[in-house]
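Asks: Provided below for reference: sequence and predicted model.
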Amino acid sequence: MKKDSERGTKSPVPLSSLAEAFAQVPDQRAARGKRYELLPLLMIVMLAKLSNADTPQAIADWAAERNTWLCEHLQLRWPPMPHHSTYRRLLQRSLSLAGLRQQAQAFLTARQAPDQRLYNLDGKTLRGTIPGGATKGEHLLALQQAQSNVVLAQAPVGEKKNEISTAPALLKTVALSNKIVSGDAMHAQRKLSRQVVRAGGDYLWFVKQNQPTLCQRLQQAFTISADLPADVCQVTHYDKGHGRIERRQLMVSAQVTNTLGWPYAAQAFQLHRTRTECRSGKVTEQTVYGITSLAPLTTPPAALLDWTRQHWSIENGLHYRRDVTFGEDRCRMKSGRAAECLAIFNNLAIGLLRWLGWDNVARARRHYDAHWLEALQVIQGVCP
């Protein structure tokens, strides 16, 4: 993985710039009364995102304080920079949400690491959209490349839908040949398993009580030590960091899948995690089960253990960054559409910064907040 000191090292493949992608987003405003062109508005939002401004108010303040510089470098002849209400209207209705989704997906897909196979599927609720006294808000399902943290596709989960019904359409927008799609227990569905394999990929699902029969059979297969499958293999890995030691032990068997009746299942596994806090000595344990279409001859236990660990990178590499670094849940937005637009900009910022070689996204944003021209060059596709 690239380090911060290597930032600016890009793929040799010529890629369109983010500014060019923004230029393809349709403007839904009527021509009459339009004061600000759409492309510069999108550029300013992205510049502000790269520079630690997250809400419409913060974006407007950031732009107002750099009025002269922005007019010079974006070649603008505007009156004073837009009010925060202009950015709110922009996110709520002025731009095409479908167009923004499409351009963001194309831009980020072109920047994925082609040699990385694991795609993580998971959803996230935008808590800032939950009205007072309610429990539900805008919910987005994302497909993320595990190591690069690039979001390859994202779609809203409607009020009358859930991630199970949204996932098939989302996966159809992505090339899955020779890729591995991992998901939590919610995505352990027969239909989705068939779709992934028939598209040329493999699945790796964790299994819980939402599939009670399957979960019970896996528990029985791996729990009774005197009656373990004849082909069972075991691998153990230790990690130390952040004040704790974690022990991960994986038992895997291909023989177990013969009795599961699950589409294309090639291996089943039990993963036991033990975490010890170094200072307090507190020990926590967890056992989870799963199935995969990955064949044992091409995916030994050590590789499978690594895939299961990388599944959680969508929490640390994407959701945590959006919540903590970009303040996504703290941003109160009445409009779910506007919140989704901001989430897309967050995905673009994370994907672009990671592609540029930044491991620490918060540090990257502080850097670009002090180097506006570099941020602009990054958006325009010019090596800083």
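Replies: Structure received.
Asks: For my notes, confirm residue 236 occurs in a helix.
Replies: No: if the criterion is DSSP: H, G, I helix; E, B strand; the rest coil, then residue 236 is strand and not within a helix.
Asks: Spit out the contact partners of it.
Replies: 247-250 (CB atoms under 8 Å, 6 or more residues apart in numbering). From N, CA and C alone the C-beta is placed, and that goes for glycine too.
Asks: switch to 10 Å and redo it
Replies: 247-251, 272, 301-302, 305 (CB atoms under 10 Å, 6 or more residues apart in numbering).
Asks: Please apply the same query to residue 176.
Replies: Here residue 176 is in contact with 119, 143, 195-203 (criterion: CB under 10 Å, 6+ apart).
Asks: out of those, which are inside helices?
Replies: Residues of the contacts of residue 176 located in helices (DSSP state H): 195-198.
Asks: Out of the residues you listed, grab the one that's most surrounded.
Replies: residue 196 (28 neighbours; other CB atoms under 10 Å).
Asks: Run through the bridge partners of the residue lying closest to that one once chain neighbours are set aside.
Replies: Excluding the flanking residues, the one nearest residue 196 by CB to CB, 6 or more residues apart in numbering is residue 203, at 4.5 Å. Beta-bridge partners for residue 203, by DSSP bridges, are residue 181.
Asks: start at 12 instead
Replies: With 12 as the first residue, the last one maps to residue 214.
Asks: need the contact list for residue 214.
Replies: 132, 187, 190-194, 198-200, 203-208, 274-276, 301-305.
Asks: so how far is residue 183 from it?
Replies: Residue 214 sits 15 Å away from residue 183, going by CB to CB, to the nearest Å.
Asks: Mind checking what helix or strand follows the longest helix belonging to the chain in sequence?
Replies: The residue-count maximum for a helix in the chain (DSSP H) belongs to helix 347-366. Scanning forward in sequence from helix 347-366 by DSSP states H and E, the next helix or strand is helix 372-381.
Asks: and that next one with helix 347-366, angle?
Replies: 90 degrees (axes from the mean of the first three to the mean of the last three CA atoms, to 10 degrees).
Asks: Contacts for the helix or strand that helix 372-381 is followed by, please.
Replies: Of the helices and strands lying after helix 372-381 in sequence (DSSP H and E), the nearest is helix 383-391. With contacts defined as CB under 10 Å, 6+ apart, helix 383-391 is touched by 18-19, 28-33, 53-54, 57-62, 73, 77, 80-81, 84-85, 359, 363-364, 366-367, 375-376, 378-380, 382, 393-395.
Asks: rewinding a little: what's the closest of the ones in helices among the contacts of residue 187 to residue 293?
Replies: Residue 293 lies nearest to residue 207 out of the ones in helices among the contacts of residue 187, by CB to CB, at 38.4 Å.
Asks: next one: the one helix or strand in the chain whose mean pLDDT sits lowest to chain centre, how far?
Replies: When the helices and strands of the chain are scored by mean pLDDT, DSSP states H and E, helix 324 comes last with a mean of 84. Relative to the centre of its chain, helix 324 is centred 9 Å away, using CA atoms, centre = their mean, to the nearest Å.
Asks: who does that helix touch, helix- and strand-wise?
Replies: Contacts defined by 3 or more CB pairs under 10 Å, 6 or more residues apart in numbering; DSSP states H and E place helix 324 against no helix or strand at all.
Asks: what's next to that helix, contact-wise?
Replies: Residues from elsewhere that reach helix 324 (CB under 10 Å, 6+ apart): 129, 131, 155-160, 193, 330-331.
Asks: Mind doing that once more with 7 Å?
Replies: With contact meaning CB atoms under 7 Å, 6 or more residues apart in numbering, helix 324 is reached by 131, 157, 160.
Asks: before we move on, what about stretch 36-44?
Replies: 49, 53, 104-107, 110-111, 114.
Asks: Tell me which stretches of the stretch 162-311 of the chain form helices.
Replies: 174-182, 201-209, 223-234 (DSSP state H, counting those that start in this stretch).
Asks: okay, those in JSON lines with distance to residue 40 and mean pLDDT next?
Replies: Shown next, in JSON lines, are these (distance: least, CB to CB, whole Å; pLDDT from 0 to 100):
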{"stretch": "helix 174-182", "distance to residue 40": "29", "mean pLDDT": "95"}
{"stretch": "helix 201-209", "distance to residue 40": "38", "mean pLDDT": "98"}
{"stretch": "helix 223-234", "distance to residue 40": "51", "mean pLDDT": "92"}
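Asks: And the buried ones among the contacts of stretch 36-44, selectable in PyMOL?
Replies: This is the PyMOL syntax for the buried subset of the contacts of stretch 36-44, where burial follows 16 or more other CB atoms under 10 Å:
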select buried, resi 49+53+105+106+107+110+111+114
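Asks: Out of the contacts of stretch 36-44, the closest to residue 343 would be?
Replies: After measuring those against residue 343 - CB to CB - the closest member comes out as residue 104, at 18.3 Å.
Asks: helix/strand/coil for that closest one?
Replies: Applying three-state DSSP: residue 104 is helix.
Asks: Identify the residues contacting it.
Replies: Residue 104 touches residue 39, counting by CB under 7 Å, 6+ apart.
Asks: do that again at 10 Å, thanks
Replies: 39-40, 346, 348-349.
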